[in-house]
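Peer 1: next input, structure requested:
(chains A and B)
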Amino acid sequence: MTDVSLHAEALHDHHGPPEANQSSRVDARTLGMLLFIGSEIMLFGSFFAAYFFVRVVNPSAPPEWPPEGYHFPVFVAGVNTAILVTSSFTMHWALQSIKRGQRAGFLAGMVLTFVMGLAFLLTQVVEYVNVGFNTGDGAFASVFFGLTGLHGAHVAIGLSLLGMVIIRGFRGHFSPEHHHGVELPGIYWHFVDVMWIVVYATVYLL
Amino acid sequence: MTPSHHGTPQAEYPAHFEPPHGPTWRLLFGPGLVRGGWMAGAGFVFGMLLVLALRWWWSWDPYWNTEVILAVAGMVTAPIGFLAGIGSFDYWLHYISGRPTRPEDHSGHGARSWKDYFRVNTDHKVIGIQYLVTTFVFFTIGGLMAMFFRAELAQPGLQFVDSQTFNGLVSVHATLMIFLFVIPAFAGLANFAVPLMLGAPDMAFPRLNALSFWLLPIAGIMFVASFLAPGGAFGAGWTGYAPLAEGQPLGQTFFNMGVQWAGASSIMTALNFLVTIITMRAPGMTFWRMPLLVWANFTTSLLVVIATPFIAGSQFFVMFDRIMHTSFFTPEGGGYVLGYQHIFWFYSHPAVYIMMLPGFGIVSEVISSMSRKPIFGYRLMALSLMGILVLGFSVWAHHMFVAGMADWLRVPMMITTLLIAIPTGIKVFSWVATLWRGRIHLTTPMLFALGFVTMFVIGGLSGIYLGSVPIDIAASDTYFIVAHIHYVLFGGSVFTIFAGIYYWFPKMTGRMYSERLGKWHFWLTFVSFNATFFPMHYVGLRGMPRRVFDYDSAFGDLNFAISIASFVLGASFIVFVYNMITSWVRGPIAEANPWRARTLEWQVSSPPPIFNFDEIPQVVGGPYEYGVPGARHAIMSPSKEAQEVHA
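Peer 2: Now for the predicted structure:
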């Protein structure tokens, strides 16, 4: 009898691939996300390289930064930084909630995170409109819009990932056993936040 | 990806996935090239309207800006529309919209007819072949361009084309060969071989794998289509130096964006390889038992993931400078011109190893199995790959010795450059030591592998010359550089690709290629390659500058000879294509293991079963233990006794 069922199983196996061997304790999707973030860090690295080439290495760099007559909205961007950093905590709260099976906390955390991310992005758009210079106003403006714009694009990607989690969250697709779909966008969101702290410190404070 | 048969309730699926619709409806709205076509058009219109609306909203004059519209609509939204149309995103869109995802029904696996190669297919073996055929199409186009400008260069003065077209031909030739041939051809071979070699049923992310293939034709079409742009193709070379590139006609934007698509494709593939190699090795397949091709792709993928974002950055900056009036690299606006070269070469020097290391892996496989001997110094071979990986990031400025960069940077860069000769030398000596007293079988892949070793040594030696500052200053921007790069990338990379294609051809197609035609192909290529590129060393040292359409008539005879040889080189490719096509269609049926090789892909049928293995094999030893009594690499579908032994 065992032989027969084994045989049946073997036949069944031919309809699908054999289970791949797990040769690492690291989950494949998490590893993929971490490698992707590594690649993203290098993309930011190229923008930081351009920034410091223009500002430091460049023999014709302006003596003042930003050049006379221009200034960066340090305070507004600072408030924006606080918003984004807070959203990292709500993200963490959402993940911990779904791990414990607390659906209300999970959904509230996700929506709060999304709203704060959206607020950050809209503030940045308003900041661009009122900043007092445009992309054509010299190299300092190029690297300013370069770094902050690249980061804004990443916030937008992060937001679409969060939006995806929210849609699926409201449909009840996550549970304490299945929360990978929350964890991975969460990792990405934390990366976007940490990267913003570096960008803010470089562009506005340094 | 035919989603027609799955047993989930109908109401939960979007209407257009349901079989009741007629064949015409499915053709138009089901995933495939037709939907890809019209969705690309829709994407273009959407992008165009988006640009117009935004420019109108900000009241920018004029609303219509061809370059911006082409960059956004033609090179971002239209390709995304195409990808969505062929069905690359179907699964993810299901997931995102919160609908239940279809359980993997594996209908996307395998190819039942040639039409399946024109679909989004998640089978790594199909994707590998898709990659290889696509890359050889672009290899042909790039090669024809080379023939064309060699015809122009056969005599001093202008014969056939104007200077901008000449520059365009040279630039597109190099760009296609690098981004659409060497890099993705290696990705294609590895896509086919690496999961099999690891004992894995597929790559870690099959859908991402399919997507990364389909980005490639987009990039290729962009590069070729730049000839249709007003003003002609981009003519600033594949290096696209700023600010030269910023004064180029519209075609340069095609280069800027094409590189983004090709780069995204190779980052995704590399990420997939890394995750597959780390998490999906068969039981017993430790890192020190992996075949060297897997090692080579592991290191290459690390290089790609770390370095490729830098070329993305550099091309973004140039494009911003061109269409958004920024001044990253324009001195008038306070930009830093040399910054481009630093950022560009920080990718593009590691890219030289991206274009070389997988070839090292292929050659290690071929040389070991064709000389029936274990690889000499297996661990050192793997470690030298890692050594090249690390050193490769510290040498980029040796491309800039004459660019006016800081003087103090020259000598450190020279030293690190020359240091790379050590791990590379280890590899060459290991191959030679592997051959030593081996039982050498001079099959076509082996001929190409040996041709590679000899040609690569010549290219490597001229590289050592060029790595030292004084010689570089003298030889910079001459044909000596052209000779060097072709010895490394043609005599090096392309020979290894041919070796790999011949080596795995029986595994991929289940048929044997014609050994006689293969040998003809090798000898024709080998001789005409040397006849083409060796004299370039000489004309270069005599002072003929590269990238020029006109030259001193003193070089006329040699250039004529070079052009003739290059046509023979081009003709030798016809032998290859003929051999491949006829052998694929009606070659003799190949055995599972015609080379009696030890690695896992040869232990399954030719072509491999749809899911590679019935059961994941148990790896028990190294992959190259030829002639070692009692040594085994793996136990396939473990028998009862084996299970008892390992229990």
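Peer 1: let me see the contact set for B:Ile574.
Peer 2: Contacts here follow CB atoms under 8 Å, 6 or more residues apart in numbering or on different chains; on that basis B:Ile574 touches nothing. Where C-beta positions appear, they are placed from N, C-alpha and C, glycine not excepted.
Peer 1: that one and B:Met268: what is the separation?
Peer 2: Separation of B:Ile574 from B:Met268 (CB to CB, to the nearest Å): 34 Å.
Peer 1: and if you look at A:Pro17?
Peer 2: Between A:Pro17 and B:Met268 the distance is 21 Å, computed by CB to CB.
Peer 1: over to B:Thr135?
Peer 2: As for B:Thr135, its distance to B:Met268 is 16 Å (criterion: CB to CB).
Peer 1: likewise for B:Trp288?
Peer 2: 28 Å.
Peer 1: now do the buried residues in the lengthiest helix in chain A.
Peer 2: The single longest helix within chain A, with elements called by DSSP state H, is helix A:139-170. Of the residues in helix A:139-170, those with enough neighbours to count as buried (16 or more other CB atoms under 10 Å in any protein chain shown) are A:139-152, A:154-155, A:158-159, A:161-166, A:168-169.
Peer 1: cool, stretch A:171-179 as well?
Peer 2: A:His173, A:Phe174, A:His179.
Peer 1: what is the next helix or strand after the longest helix of chain A packed up against?
Peer 2: Secondary structure here is assigned by DSSP states H and E; on that basis, the next helix or strand after helix A:139-170 toward the C-terminus is helix A:180-200. Helices and strands touching helix A:180-200, as assessed by 3 or more CB pairs under 8 Å, 6 or more residues apart in numbering or on different chains; DSSP states H and E, comprise helix A:28-52, helix A:74-99, helix A:103-130, helix A:139-170.
Peer 1: which stretches of chain B form strands?
Peer 2: Counting by DSSP state E, chain B forms strands over residues B:618-619, B:634-635, given from the N-terminal end onward.
Peer 1: of the buried residues of stretch A:171-179, list those near chain B.
Peer 2: Counting by CB under 8 Å from any CB of the partner chain, the subset of the buried residues of stretch A:171-179 that neighbours chain B consists of A:His173.
Peer 1: between the buried residues of stretch A:171-179, which is nearest B:Ile306?
Peer 2: Minimum distance to B:Ile306 across those is 30.0 Å, recorded for A:His179 (CB to CB).
Peer 1: how many neighbours does residue 66 have?
Peer 2: If you meant another chain, say so; for now it's chain A. By the other CB atoms under 10 Å in any protein chain shown criterion, the neighbourhood of A:Pro66 contains 18 residues.
Peer 1: that's the other chain; I wanted chain B
Peer 2: 13.
Peer 1: which one is it nearest to, not counting chain neighbours?
Peer 2: Beyond its immediate neighbours in the sequence, the residue positioned closest to B:Thr66 (CB to CB, 6 or more residues apart in numbering or on different chains) is B:Leu250, lying 7.2 Å away.
Peer 1: residues in contact with that neighbour?
Peer 2: B:Leu250 is in contact with B:Thr66, B:Glu67, B:Leu70, B:Ala229, B:Pro230, B:Gly231, counting by CB under 8 Å, 6+ apart.
Peer 1: make a PyMOL selection of whichever of these turn out to be buried.
Peer 2: Selecting only the buried members of the contacts of B:Leu250 in PyMOL, with burial defined as 16+ other CB under 10 Å, works like this:
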select buried, chain B and resi 67+70+229
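Peer 1: max pairwise distance over the contacts of B:Leu250: which two?
Peer 2: Across the contacts of B:Leu250, the longest distance by CB to CB is 12.0 Å; it joins B:Leu70 and B:Gly231.
Peer 1: check contacts around residue 111.
Peer 2: Just so you know, I chose chain A. A:Ile166.
Peer 1: my bad, the chain I had in mind was chain B
Peer 2: The contact partners of B:Ala111, by CB under 8 Å, 6+ apart, come to B:Tyr117, B:Asn121, B:Asp123, B:Val126, B:Ile129.
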